[in-house]
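Novice: Build me a model:
(one chain, ligands or ions: 1)
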Amino acid sequence: MRNVHRGDAIEIENLYRSFVFPDLPRNPARADSLQNLHGTSVGEAIYIVEGLSRAMNVAGDVCEFGCNEGATSRLLASEIAPDDKRLLWLFDSFEGLPAPTEQDRLIDDIAGLGSIERYQGVLLAREDQVRDKLALVKFPENRIRLVKGWLDKTLTSAAVGPLDKIAFAYIDLDFYEPIKISLAFVHGKMPVGGVIVVDDYGFFSEGAKLSVDEFLAAHPGCYDMKLPIEAAGKFCVLTKIAGVSPLRAG
Ligand SMILES: C[S@@+](CC[C@H](N)C(=O)[O-])C[C@H]1O[C@@H](n2cnc3c(N)ncnc32)[C@H](O)[C@@H]1O
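Specialist: Residues are numbered from 1 along each chain as shown. Reported below is the predicted structural model:
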């Protein structure tokens, strides 16, 4: 968990708006969410906000896969305009991380546990922690869809039946398998212009980058992939530019 001084968060946001994203709209509510992130840099949060802002031009709901206690959910909620009718879908096991698979080789031992297997069960959170954070930004309860459970079950369950379009997805799951199934799920529901931010691309577990690289290889020409400036951290931003791979069509 990190604590950022409010003044520092505002200063960093101003720097990004001056030098990286000059068109990013201001939002007076943003500073509070930037100051209360858990393990997400302010720089990464600005990329998330910028991707979300672009995705607001297309139809669809906003999703976070791996919401934990809701620190980044709060950021997303505070960026969705109050008169916007989109739903905010938040997924988590609320049992912490699953067992890693063989693709999840440890590259950054962030908690000093000594092996990737020891991360199973880490990052345990509760649903009420998420709801409390969303209440702080007055996000309407009737537009929250909190889906508890393991993604391999929940993404094929009736719970996601009403989720037919996704404009923006933040995927923050750490390991190969859940990122892989979340990307496949989002791909089928995302219109052109939608945006996906995947955290930990090249950080913590090798599995995150591998999942993304395999996904992009399976859908050539469908996404524009951008990496952030180095100071912002390790993640990637995928903007959907074609529904069907132009290399495969016809
Ligand atoms: C790094 S945390 C998310 C942090 C949050 N996005 C934030 O920045 O505040 C990763 C979360 O993913 C969840 N998770 C990982 N694999 C999952 C799976 N297969 N199904 C459901 N949740 C999963 C964990 O429970 C954990 O809360």
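
Novice: mind checking which helix or strand G202 is in?
Specialist: Using DSSP states H and E, G202 maps to neither a helix nor a strand.

Novice: what phi and what psi does the backbone show at it?
Specialist: phi 90, psi 20 (degrees, to the nearest 10).

Novice: Test my guess that it contacts E230.
Specialist: No - using C-beta atoms under 8 Å as the test, G202 is too far from E230 to be in contact (11.3 Å). All C-beta atoms are positioned from the backbone trio N, CA, C, and that covers glycine.

Novice: Have a look at the two and say which one is more surrounded.
Specialist: Legend: neighbour count by other C-beta atoms under 10 Å for G202 and E230, higher for G202 (16 against 8).

Novice: and that one, what is it in contact with?
Specialist: Listed by C-beta atoms under 8 Å, 6 or more residues apart in numbering, the contact partners of G202 are I107, A208, K209, K234.

Novice: Please name the spatially closest residue to the first one (chain neighbours excluded).
Specialist: When you say that, I think you mean I107. E206 (5.6 Å; C-beta to C-beta, 6 or more residues apart in numbering).

Novice: who's in contact with the one you found?
Specialist: Q103, D104, R105, L106, I107, Y176 are the contacts of E206 under C-beta under 8 Å, 6+ apart.

Novice: Can you go through the residues you listed and name the buried ones?
Specialist: Neighbour counting by 16 or more other C-beta atoms under 10 Å classes Q103, D104, L106, I107, Y176 among the contacts of E206 as buried.

Novice: how about those in TSV, adding secondary structure, distance to the ligand and pLDDT?
Specialist: Shown next, in TSV, are the buried ones among the contacts of E206 (DSSP: H, G, I helix; E, B strand; the rest coil; distance: C-beta to the nearest ligand atom, whole Å; pLDDT from 0 to 100):
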residue	secondary structure	distance to the ligand	pLDDT
Q103	coil	14	98
D104	coil	11	98
L106	strand	15	97
I107	coil	15	96
Y176	helix	10	98
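
Novice: can these go into TSV with extra columns for distance to Y47?
Specialist: Formatted as TSV, the buried ones among the contacts of E206 follow (distance: C-beta to C-beta, whole Å):
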residue	distance to Y47
Q103	25
D104	24
L106	25
I107	21
Y176	22
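
Novice: burial of the closest residue to the ligand within the chain, as a residue count?
Specialist: Per C-beta to the nearest ligand atom, G66 is where the chain lies closest to the ligand, at 3.0 Å. Residues near G66, counting by other C-beta under 10 Å, number 24.

Novice: Kindly report the same for V212.
Specialist: Counted with other C-beta under 10 Å, residues neighbouring V212 total 25.
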